[in-house]
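Asks: Quick check, what structure comes out for this input:
(one chain, ligands or ions: 1)
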Amino acid sequence: MNDVLLLDGISKTYGKDGPAPVRVLQDLSLSVGRGEVVALVAPSGAGKSTLLHIAGLLDTPDTGRVVINERDMSGQRDRARTEARRRQLGFVYQFHHLLPEFTAAENIVLPQLANGVSDTAARARAADLLGRVGLAHRSEHRPAQMSGGEQQRVAFCRALANQPSLLLADEPTGNLDPATSDTVFDMLMTLVRETGLSALIATHNMELAGRMDRVIRLNEVA
Ligand SMILES: Nc1ncnc2c1ncn2[C@@H]1O[C@H](COP(=O)(O)OP(=O)(O)OP(=O)(O)O)[C@@H](O)[C@H]1O
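Replies: Below is the predicted model:
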């Protein structure tokens, strides 16, 4: 057993003590093995984002364990969870969430500086990552000067900046037109494969899901 992520018996209800509780996840278990890329497919509202937030230590489940790199994070203090988030996890969302006042390179450098990486090493890594997604010539441009697909490619680089072991992605190409989505998704997969990263990627797109190692349908997991 060498899982990067194990979710074990996860349940989550929003507004538990209020008049209208929303039960989203019930006794859900899943795992992502080292180097494995798993698609998470579910109808809208089934709880994909909730699950990714729990896996990403941004939210806590009502019951169950979240084990990352064989360490049970469920009962850990905020500081340990934040540290694990910064060092072991990378996040990509439907919208790029890049910092608008910084260049593409700076957006990739900043999270590394926050982790204690030297400026020189951080810049070298940013240049390497941008080169891998075909954006070496855009490194000094700000997000607003780039297309949606280019912005999202920079967001992939930022997610990988600190060499995480697990990438969590929520509809990473969901905001792009179908042709761009296809190309950009290919780049993400190449990047993930080249770096040996494990990933849990939520998507509505069955064609994209079919390119991953395994597909988990949320309704079938519980
Ligand atoms: N903070 C909250 N309080 C109450 N209900 C919530 C909260 N967050 C999410 N929900 C509800 O929980 C359910 C699952 O939401 P979630 O965002 O995880 O779904 P999803 O599968 O990611 O949906 P989509 O694919 O449309 O983004 C939805 O019915 C949503 O309305």
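
Asks: in a helix, that's where residue 216 is, yeah?
Replies: No: the assignment for residue 216, made by DSSP: H, G, I helix; E, B strand; the rest coil, is strand rather than a helix.

Asks: And the pLDDT for it?
Replies: The model reports residue 216 with a pLDDT of 95.

Asks: Return the distance of it relative to residue 156.
Replies: Distance, residue 216 to residue 156, by Cβ to Cβ, to the nearest Å: 22 Å. In short, each C-beta sits where N, CA and C put it, glycine included.

Asks: These two: which has the busier surroundings?
Replies: residue 156 (25 against 20; other Cβ atoms under 10 Å).

Asks: does that one sit in a helix, a strand or a coil?
Replies: Quick answer, by three-state DSSP: residue 156 is helix.

Asks: Excluding chain neighbours, what is closest to it?
Replies: residue 188 (5.4 Å; Cβ to Cβ, 6 or more residues apart in numbering).

Asks: The chain: helices as residue ranges?
Replies: With DSSP state H, the ranges of helices along the chain come out as 48-55, 78-88, 104-114, 119-132, 148-160, 178-195, 206-209, 218-221.

Asks: and stretch 199-211, what's its mean pLDDT?
Replies: The average pLDDT within stretch 199-211 is 93.

Asks: right, quick check: it against the ligand, any contact?
Replies: No: judged by Cβ under 6 Å from any ligand atom, stretch 199-211 makes no contact with the ligand; its nearest approach is 6.8 Å.
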